[in-house]
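Asks: need the 3D shape of this:
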Amino acid sequence: MGKSASAASGVYNVLSGNAITAADGSEAPVIDLQSLAGLSHSEVAERISEAINPGDVSLDDAGTREAVAEAVSSVLSENEDADVTDLRPELVEECYVRTLSISVFNILLADIGASVTKAAHGNGVLANDRLKEISDFVREAYRVQYDRMKGAGTNISRRNSDRIARDINAQVMDIFESYLE
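Replies: From the prediction side, this is the model:
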């Protein structure tokens with residue numbers, strides 16, 4: 001969950017115009033938002049995902065970049081008039097929630113996807129419906145947890161994001177246990 005939490009926090013910080021602490025302890029923007037002006041939504045999403053999680057180190061890194069790109073691109077596509085150089089706070093927050101939920105769902109899918117498919121006894125439609133239900137649950141659960149965190153005045157951080165991810169994974173295993181048998 002650490003990469004998911006770091007990526008979501010990174011998306012939030014980048015789109016908010018905040019500095020991000022680098023591995024060497026320095027704080028600097030990882031990307032100049034002004035450099036994204038005029039690019040397509042998919043190009044903006046790809047550049048942000050690469051800036052937050054650069055390099056092709058592992059499959060996890062690639063999956064994290066895909067989650068960031070999907071989240072940012074979908075939010076921008078749904079809000080055609082959005083200015084990525086000065087994104088409204090609610091859109092920054094939606095990018096955070098989607099990044100975290102997509103990334104964690106992808107991890108869950110790797111862990112339980114085969115079990116969900118097997119438990120559907122060869123019924124592909126049923127397996128896909130169940131996975132969609134889990135995906136929708138994960139996204140909504142993250143939104144609820146984020147709203148609670150925001151309402152309590154808690155800052156977005158890797159630690160808080162990781163805690164939320166672990167809690168929601170436990171909920172998924174409890175709620176959807178029958179999908180795995």
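Asks: can you report phi and psi for the residue in the chain sticking out farthest from the centre?
Replies: For the chain, the C-alpha farthest from the mean C-alpha position belongs to His121; by CA atoms, centre = their mean, that distance is 30.5 Å. Per-residue torsions, His121: phi 50, psi 50 (degrees, to the nearest 10).
Asks: and the next helix or strand past the lowest-mean-pLDDT helix or strand in the chain?
Replies: For the chain, scoring each helix and strand by mean pLDDT, DSSP states H and E identifies strand 27-28 as the least confident one, at a mean of 50. Sequence-wise, the next helix or strand downstream of strand 27-28 (DSSP states H and E) is helix 41-52.
Asks: can you show me the CA trace of that following helix as PDB?
Replies: Extracted in PDB, the C-alpha atoms of helix 41-52 (Å, rounded to 0.1, in the frame of the first residue of the first chain):
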ATOM      1  CA  HIS A  41      -5.600  15.400 -20.700                       C
ATOM      2  CA  SER A  42      -3.800  12.200 -21.400                       C
ATOM      3  CA  GLU A  43      -0.500  14.000 -21.900                       C
ATOM      4  CA  VAL A  44      -1.000  15.900 -18.600                       C
ATOM      5  CA  ALA A  45      -1.800  12.700 -16.800                       C
ATOM      6  CA  GLU A  46       1.300  10.900 -18.200                       C
ATOM      7  CA  ARG A  47       3.600  13.700 -17.300                       C
ATOM      8  CA  ILE A  48       2.300  13.900 -13.700                       C
ATOM      9  CA  SER A  49       2.400  10.100 -13.300                       C
ATOM     10  CA  GLU A  50       6.000  10.000 -14.500                       C
ATOM     11  CA  ALA A  51       7.000  13.000 -12.300                       C
ATOM     12  CA  ILE A  52       5.500  11.400  -9.200                       C
END
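Asks: could you say what helices and strands that helix packs with?
Replies: helix 2-16, helix 59-78 (3 or more CB pairs under 8 Å, 6 or more residues apart in numbering; DSSP states H and E). All C-beta spots, glycine's among them, are computed from the backbone N, C-alpha and C.
Asks: please state the offset of that helix from the chain centre?
Replies: 13 Å (CA atoms, centre = their mean, to the nearest Å).
Asks: now do the buried residues in that helix.
Replies: By 16 or more other CB atoms under 10 Å, the buried positions in helix 41-52 come out as 41, 44-52.
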